[in-house]
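Chemist: Build me a structure from this.
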Amino acid sequence: MFFENSIGIPFSFSVISKKLKTHLELIMALTSGLLILLAWIFHETPSETPSIILLLTAFIVGGYAKAKEGIIETIKEKKLNVELLMVLAAIGSASIGHWTEGAILIFIFALSGALETYTENKSSHELKALMDLQPETANLLLNNKVQKVPVANLKIGDHILIKAGERIPTDGLIVKGHTSVDESALTGESLPVTKSKEEAVFASTINLNGNITVRIHTLPSQTLFQKIIQLVQQAQAERSRSQAFIERFENSYVKVVLGMVAMMMVIPHFLLDWSWNDTIYRAMILLVVASPCALVASIMPATLSAISSSARNGVLFKGGAHLETLGEIDAIAFDKTGTLTEGKPVVTNTFFEHIDQRLIEIIYSVERYSNHPLAHAISNWCEEQTEIKAIEIEDITHLDGKGIQAKVGDVHWLIGNTRLVGDASVEQFVQKHNISSDRWLGKTVIFVKRNEEILGLFVLQDKLRQEAMDAVNELKQLGIKTIMLTGDNEQTAQEIAKEIDIHDFRANCLPEDKVDAIKQEKNSGFKIAMIGDGINDAPALATANLGVAMGAGTDVALETADMVLVKNSLPKIVDSIKLSKKMNRIIKQNILFSIAVILTLIASNFLQAINLPLGVIGHEGSTILVILNGLRLLKKNKQ
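Modeler: Model (predicted):
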């Protein structure tokens, strides 16, 4: 149901309700903390009843989700868990009169669980973002008529019509027509690819400027794009060794603590002649001091502090585990286009024997009729050279995959690649001016031909980002292996890798090739991160130990990645690695300290060397200390 507020904006209770439901666990955890704060304010009143009622409410509000989760998991998995231990510890604390201790225990654990749930919910949008790019219908050619049908109904051998501007619904071969195809969804490369008869096209790429008829050779459920989705699913389903270890440790820890508490409630009475009051009292102290409150606080405050510090620095993490992993990375793979390069071609060199205002205006006037990225780059170059006055162009023709031909008066002009101007003309031009082809090795060359004579050429390249070269250099100084993954050919990739001074590169990469490259590095013992910005990078981002997306990248890359460089600044990855290493050191300090305190308190309790207040002070004191140690990461300094 919708209503309109006082300024006329539609208001949906269903939308509000959905958002509240999504964040309910976090809201309940924060409400629990607020109730504890109110209880502390009221604890000095003559009557303790208001304080106890508030704390009891904090128990229920904060502990409900974790108690429910613990009970259901115990019944379903037939295994004890930390959730149950924390709830029992809180109840045990309250049973001996320490309501605040139990409430704080519940609050910290509830907040930790709520943040974990929120992070997990965010990842559910990844596959949806991918699937939204897959067309749902196709134009099936049947008996010389076009019939719109669901893509899922297409069969191998069917002929489909794909109009200019449409996404290609499935993999196949062109049987009629020619066009340019934007394959950036698969290869990540910004330049369109020319396609003609008997050449392959792929699902979810974009047919730019010509109607084509395609014969299907792959079922829609088995297309290259579907493989991308499957690779993302597979990578996300894999459990890390660390996660498996934590789950095993959790089960063992709970069994040990509960077993010790059970024995503490009985054995000292019979063996040490303790009274039942002393025995139960010591058992409750044990349950409180052995609860992993300090262990939980060892990680979460430090992690949240580091995440906040990173956010201020233009780096977003989708969870503390990813920030922790970053400090362990010893290899990083980079997508080329949009990551190491600007993502659009620019004119880097020109060679003309004679060039004047008139020639520049003719080139500009011809190229401005094209929406091809190379034409835009040449038009921009022309505008930078002089004040342009457009010239009327006659009989202009776009030749896909070659360039443009046009007529100005009685003069015929060709602006395009070797295929357009002819190999013989290019060879003659090169020999006449003694030009070495090494000058444009790994780059794109566009020739300008007037009638039968080549007047000059443009050399274009997707320009490397200076900050990318700086980042690669700093990573190498940290001892991290650097790898470039690109859809470019071997020659181009080799030249770029040489220029940026990167350790290794892989050329001609499709999405599955990038995944294979990542897996090879992992199998070689490297813990690897992948940095990319395109849809085609999504499987590799998900397969890597850590996926990093550029902030200006596609929605799919941003959703799939574990961290995002908001300002597209690659040097930020170096700062983040240093921050991660510092955070990992602090977490290790906290864990060792908290375990030492817990063991000391447990031993002291067995020796009757501490009473409940000292146990509470030791337990809560250690928790406060590890939290303060973690908050050091909020300090704005050089990592």
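Chemist: Residue ranges in the stretch 151-300 of the chain under the pLDDT threshold?
Modeler: For the stretch 151-300 of the chain, the stretches with pLDDT under 70 are 184-191, 224, 227-251, 293, 296.
Chemist: Mind doing that once more with 90?
Modeler: 151-153, 163-171, 177-211, 217-300 (pLDDT under 90).
Chemist: where exactly do the helices run in it?
Modeler: Assigned by DSSP state H, counting those that start in this stretch, the stretch 151-300 of the chain shows helices spanning 184-187, 224-237, 241-264, 267-271, 276-289, 293-312.
Chemist: Tell me the helix or strand right after the helix or strand harbouring residue 53.
Modeler: Secondary structure from DSSP states H and E places residue 53 in helix 49-77. As assigned by DSSP H and E, the chain's next helix or strand after helix 49-77 is helix 82-95.
Chemist: middle-most residue in the protein, spatially?
Modeler: The centre of the chain sits closest to residue 561, judged by CA atoms, centre = their mean, with a distance of 1.1 Å.
Chemist: isn't residue 597 right next to residue 624, touching?
Modeler: No. Applying CB atoms under 8 Å as the test, residue 597 and residue 624 come out as separate, 11.3 Å apart. C-beta: built from backbone N, CA, C; applies to glycine.
Chemist: Look at those two and report which has more neighbours.
Modeler: The neighbour count for residue 597 versus residue 624, taken as other CB atoms under 10 Å, is higher for residue 597 (20 against 12).
Chemist: phi, psi of that one?
Modeler: Dihedral angles of residue 597 (phi, psi; degrees, to the nearest 10) stand at phi -70, psi -40.
Chemist: ok, the nearest residue to it once chain neighbours are set aside - how many residues close by?
Modeler: Excluding the flanking residues, the one nearest residue 597 by CB to CB, 6 or more residues apart in numbering is residue 622, at 4.0 Å. Other residues near residue 622 come to 25 when the count uses other CB under 10 Å.
Chemist: do the same with residue 513
Modeler: Using other CB under 10 Å, residue 513 has 17 other residues around it.
Chemist: so which strand or helix has it?
Modeler: Here residue 513 sits within helix 511-523, counting by DSSP H and E.
Chemist: list the buried ones in that helix?
Modeler: 511-515, 517-518, 521 (16 or more other CB atoms under 10 Å).
Chemist: Figure out how far it is from the centre of its chain.
Modeler: Offset of helix 511-523 from its chain centre (CA atoms, centre = their mean, to the nearest Å): 17 Å.
Chemist: if we can go back for a sec, would you reformat the buried residues of helix 511-523 as JSON lines and include distance to residue 444?
Modeler: Output for those, formatted as JSON lines (distance: CB to CB, whole Å):
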{"residue": "511", "distance to residue 444": "24"}
{"residue": "512", "distance to residue 444": "26"}
{"residue": "513", "distance to residue 444": "22"}
{"residue": "514", "distance to residue 444": "23"}
{"residue": "515", "distance to residue 444": "28"}
{"residue": "517", "distance to residue 444": "25"}
{"residue": "518", "distance to residue 444": "28"}
{"residue": "521", "distance to residue 444": "30"}
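Chemist: so how far is residue 506 from the nearest residue to residue 486 once chain neighbours are set aside?
Modeler: Take residue 486 and drop its neighbours on the chain: the residue closest to it by CB to CB, 6+ apart is residue 336, 3.8 Å away. Going from residue 336 to residue 506 by CB to CB, to the nearest Å gives 10 Å.
Chemist: which of the two has more neighbours?
Modeler: residue 336 (28 against 19).
Chemist: My guess is residue 32 contacts residue 65. True?
Modeler: No. Contact criterion CB under 8 Å: residue 32 and residue 65 do not qualify, at 10.1 Å.
Chemist: overlap in contacts of the two?
Modeler: Common contacts of residue 32 and residue 65 (CB atoms under 8 Å, 6 or more residues apart in numbering): residue 110.
Chemist: okay, the two: which has more neighbours?
Modeler: Each of residue 32 and residue 65 has its neighbours counted (other CB under 10 Å); residue 32 has more, 27 against 19.
Chemist: Can you report how many residues lie near the nearest residue to the more buried one once chain neighbours are set aside?
Modeler: Among residues not flanking residue 32 along the chain, residue 62 sits closest, at 2.8 Å (CB to CB, 6+ apart). Per other CB under 10 Å, the neighbour tally for residue 62 reads 31.
Chemist: Please enumerate the helices of the stretch 501-639 of the chain.
Modeler: 511-523, 538-543, 555-560, 571-606, 612-631.
Chemist: give the contact list for residue 347.
Modeler: When contacts are taken as CB under 8 Å, 6+ apart, residue 347 is in contact with 377-378, 380-381, 458-460.
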